[in-house]
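Colleague: 3D model of this:
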Amino acid sequence: MSVQGERAAAVAATVARVRAIEATQGTGPDALQAIAAEVTALASQTALFPPAHFPVAAGRGTIYRLSEDADHRFALYASAGVPGKAQPPHDHTAWAAISGVYGEERNTFWKRTDDGAVAGRATLEETGARTVRRGNAVSFGPADIHSIHVEGKVPSLHLHMYGMSLEHLPHRQVFEPVSGTSATFPPPAIVKAPLVEAAELKAMLSDGGELALVDVREEGPFSDGHLLFAISVPLSRFEPRIAGVVPRRTTRIVLVDADETLAHRAAAKLQVAGYRDVSVLAGGQGSWAAAGYEIFSGVNVPSKAFGEIVEHACETPRMEASEVKRLMDAGTDMVVLDSRPWPEYVNISIPTGIDCPGAELVYRVQDIVKSPDTLVVVNCAGRTRSIIGAQSLINAGLPNRVVALKNGTMGWHLAGLQVDRGAGRMAPAPSAEAVAWAKARADEVGRRAGVPVIDEAKLAEWRADAGRTTFLFDVRTPEEFEAGHWADCRHAPGGQLVQATDTYAGVRGARIVLVDNDGVRATMTASWLIQMGWDAAVLGDGLAGRTLVPGPAPVEILGGLPDVRQVEPAELERLLAAGEAVVVDIDTSLRYRAGHVPGAWFAVRSQFATSLPKLPAAPLLVITSADGQFASLAAPEAARILGRRAAVLAGGTRGWQAAGLPLTKGFEHLADEPNDVWYRPYDRDTGIEEAMHQYLTWEVDLVGQLERDGDARFRVLAPA
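Modeller: Residues are numbered from 1 along each chain as shown. From the prediction side, this is the model:
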């Protein structure tokens, strides 16, 4: 176990014992002594608190959060200070205990000699002092007063345990003994998470333990450059996404951003939600680059790099767009299979192309391709899904000639060929004969790739394992999933799970178990995941005999949704006409551009502190998103920053549209730059062809960059 893991376990055990002491003994002097003894025992394990994890800024102190309950009670901090650091006399309004890890912290004790009748005035008398170092402690009741001074010549680190978190003690007082004055003692401007240095993180990536490497910047900056195995969970959308990709609360997590600022904000959300092992990359991504490690641009990089390696290792056949068009014009017996999800296909496709997303190819091909003489062309937007799709059919032993369309739909467009918009050709559901063929071929691929097939008892055993994450994914189509799925299963269409694995599974080293109705799509998907280095298995017997529930899978929102005022569309229309409200749209800039409430401002939630002050003055701030749910998370933050009332548009922008009210398209009012998401080449208004060229070159160049990085563990299955 890593130092971070050992520290997290020790902290959790200590907090549990402290919680039990308070529950059974209260918070009197004897109980506080018992609590102080627990904090001392933890602080004495100095190996758990290396200075590199808790550096102190020159000339001041730094506070690190180690644990905090969801109700903000039982908060444990590591307080780092340089020699000479001092805190004037102050109280806590909650019980507290302090013990030393290293260094010396002199605590001077005071008592009030006035009756507190005059606000802002207080007289103090010094009553004693004690130097806290490793092996001893001090404890305080809510009204006790002390001052702190770091002594000696070396920085100090002390553990501070409170009955309520520092950010939730609004009535603390700080005193000036000489002048006899008192004032409100504000909480620290920032409470950090423990740090991890770049070299240590590099070692974590190959130490065999689970690791969730989470980049909390918006997707636009993330796509400009990030660590190879970082997953994108923007701080703006953190609560609805993080529990899905990192479900186990004891997973080792390292948060990354540009300079630590956003990462520490995300760490606080995780720690309060019960995630125990949370660190931040010291210095942000810049420190990684400064250490000489690789920075990757783009999105879904591991999956796309894997596709390039598959093409090279398997010599996957490919065909230029011009040659495909020539064969089409010549009336060649051929079928074009588009391996992307339906919405992508409808947006832009190749003439005659039939939508048949990744994992559906082997499953449905027999009813589409009637003759072994038919040429099968597999395409996607760029390269990866074309390569994986074509190689899937080849691995499955389809007797036809199969090729990947070189550079996919982008290559077709760049060749000056006509594309389709709004096409509606979908691969039909497979016949019994097609399923039988697909089942036999998938089983053989699974045998060659070493795909394990487990039963429900083994799945239950894995999911009960507190030390390892197990993802359970249903890889069927969206329509099949919503018609009925296993209640505790997430949806991840097989082709997309291979194409964008980091979108679904955010824990490197986790297990992945796949399920479908008959094993074909699950086995084909698992065969690719295993080659990508994942520990993947298929649940035997599919969904047979299991109770299924309809609809989308529920989304766990970290911390839950706050109770905020809802404004109906008709009421908002009236408020806007009267100049009594301003609307802030916090959905993606792509959705804002596609259609927003007239006059609404676009803003990025994580940047509210700088963007909201740009808004025109109005008594009410109304936040909206696609369905309004995401906006509910942002409304309290907006109200706090602006000091104004904030509400949420009921039903969100969709609710506004459903009420028959108009939308405005384009970028109308921008409080933030629209760089929050990655813009695919065909999402752009200008420079589309240039962006396509850059994208395709980037994909090809990933192989060399992957070799330089050295952390990927791909193992490509040799063709039969």
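
Colleague: if I look at residue 386, how far off is residue 392?
Modeller: 11 Å (C-beta to C-beta, to the nearest Å). (Glycine included, C-beta is placed from N, CA and C.)

Colleague: kindly apply the preceding question to residue 672 instead.
Modeller: Distance from residue 672 to residue 392, by C-beta to C-beta: 41 Å.

Colleague: ok, these two, which is more surrounded?
Modeller: The neighbour comparison of residue 672 against residue 392 (other C-beta atoms under 10 Å) goes to residue 392, with 30 against 21.

Colleague: look up the pLDDT of the residue nearest in space to the middle of the chain for me, please.
Modeller: The centre of the chain sits closest to residue 233, judged by C-alpha atoms, centre = their mean, with a distance of 2.9 Å. Looking at residue 233, its pLDDT reads 97.

Colleague: repeat that for the one 5 residues further on.
Modeller: pLDDT for residue 238: 96.

Colleague: wait, a helix at it?
Modeller: Yes - counting by DSSP: H, G, I helix; E, B strand; the rest coil, residue 238 is located in a helix.

Colleague: let me see the contact set for it.
Modeller: 216, 266, 269, 558 (C-beta atoms under 8 Å, 6 or more residues apart in numbering).

Colleague: so which pair among those is furthest apart in space?
Modeller: 216 and 558 (12.8 Å; C-beta to C-beta).

Colleague: and these two? Which one has more around it.
Modeller: Using other C-beta under 10 Å as the criterion, residue 216 and residue 558 rank with residue 216 on top: 28 against 17.

Colleague: so that one makes contact with residue 261?
Modeller: No - if you go by C-beta atoms under 8 Å, residue 216 and residue 261 don't touch, sitting 9.7 Å apart.

Colleague: for residue 482, what is the enclosing helix or strand?
Modeller: Using DSSP states H and E, residue 482 falls within helix 478-483.

Colleague: for the record, mean pLDDT for that helix?
Modeller: Averaged across helix 478-483, the pLDDT comes to 96.

Colleague: would you mark the buried spots in that helix?
Modeller: Going by neighbour count (16 or more other C-beta atoms under 10 Å), the buried part of helix 478-483 is 480-481.

Colleague: what does that helix rub up against?
Modeller: With C-beta under 8 Å, 6+ apart, helix 478-483 has contacts from 341-342, 474, 491, 493, 517, 550-553.

Colleague: mind saving the C-alpha coords of that helix as PDB?
Modeller: These are the backbone C-alpha positions of helix 478-483, laid out as PDB (Å, rounded to 0.1, in the frame of the first residue of the first chain):
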ATOM      1  CA  PRO A 478     -29.300   2.800 -25.800                       C
ATOM      2  CA  GLU A 479     -32.700   1.600 -26.900                       C
ATOM      3  CA  GLU A 480     -32.200  -1.900 -25.500                       C
ATOM      4  CA  PHE A 481     -30.800  -0.500 -22.300                       C
ATOM      5  CA  GLU A 482     -33.700   1.800 -21.600                       C
ATOM      6  CA  ALA A 483     -36.200  -0.900 -22.500                       C
END
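
Colleague: what's the very next helix or strand once past that helix packed up against?
Modeller: Counting by DSSP H and E, the next helix or strand C-terminal to helix 478-483 is strand 485-486. Secondary-structure packing of strand 485-486 (3 or more C-beta pairs under 8 Å, 6 or more residues apart in numbering; DSSP states H and E): strand 470-474, strand 548-549.

Colleague: could you rerun that using 7 Å?
Modeller: Strand 485-486 sits against strand 548-549, with contacts defined as 3 or more C-beta pairs under 7 Å, 6 or more residues apart in numbering; DSSP states H and E.

Colleague: wait, residue 31 touches residue 21, no?
Modeller: Yes - taking C-beta atoms under 7 Å as the definition, residue 31 is a contact partner of residue 21 at 5.6 Å.

Colleague: which residues sit against stretch 265-281?
Modeller: By C-beta atoms under 7 Å, 6 or more residues apart in numbering, the surrounding residues in contact with stretch 265-281 are 4-5, 8, 12, 65, 67-68, 70, 191-196, 198, 201, 216, 235, 238-239, 249-256, 260, 263-264, 287-288, 558-559.

Colleague: next step: these restricted to strands.
Modeller: In this view, the contacts of stretch 265-281 that belong to strands under DSSP state E are 65, 67, 195-196, 253-256.

Colleague: per-residue pLDDT, residue 59?
Modeller: pLDDT for residue 59: 64.

Colleague: kindly report the same for the one 10 residues further on.
Modeller: The predicted structure scores residue 69 at 95 on the pLDDT scale.

Colleague: in the lowest-mean-pLDDT helix or strand in the chain, what's buried?
Modeller: Lowest by mean pLDDT, DSSP states H and E among the helices and strands of the chain is helix 688-709, with a mean of 88. By neighbour count on 16+ other C-beta under 10 Å, the buried set for helix 688-709 is 688, 691-692, 695-696, 698-699, 702, 705-706, 709.

Colleague: swap in stretch 368-384?
Modeller: For stretch 368-384, a neighbour-count test (16+ other C-beta under 10 Å) marks 368-369, 374-384 as buried.

Colleague: make TSV out of those and add distance to residue 61 and secondary structure.
Modeller: Listed next are the buried residues of stretch 368-384 as TSV, based on distance: C-beta to C-beta, whole Å; DSSP: H, G, I helix; E, B strand; the rest coil:
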residue	distance to residue 61	secondary structure
368	67	helix
369	69	coil
374	72	coil
375	70	strand
376	66	strand
377	64	strand
378	60	strand
379	59	strand
380	53	coil
381	51	coil
382	50	coil
383	52	coil
384	49	helix
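
Colleague: pull the most distant pair out of the ones in strands among the contacts of stretch 265-281.
Modeller: 67 and 256 (21.8 Å).

Colleague: so the two - more neighbours on which side?
Modeller: Taking other C-beta under 10 Å, residue 67 and residue 256 do not tie; residue 256 has more neighbours (26 against 21).

Colleague: doesn't residue 229 make contact with the more buried one?
Modeller: No - counting by C-beta under 7 Å, residue 256 stays clear of residue 229, with 10.5 Å between them.

Colleague: shared neighbours of those two, anything?
Modeller: Common contact partners of residue 256 and residue 229 (C-beta under 7 Å, 6+ apart): residue 213.

Colleague: hang on, the earlier thing: mark which of the contacts of helix 478-483 are buried, thanks.
Modeller: 341-342, 474, 491, 493, 517, 553.

Colleague: for those, which one is nearest residue 56?
Modeller: residue 553 (44.5 Å).

Colleague: for residue 151, see how far away that closest one is.
Modeller: Counting by C-beta to C-beta - residue 553 and residue 151 are separated by 56 Å.
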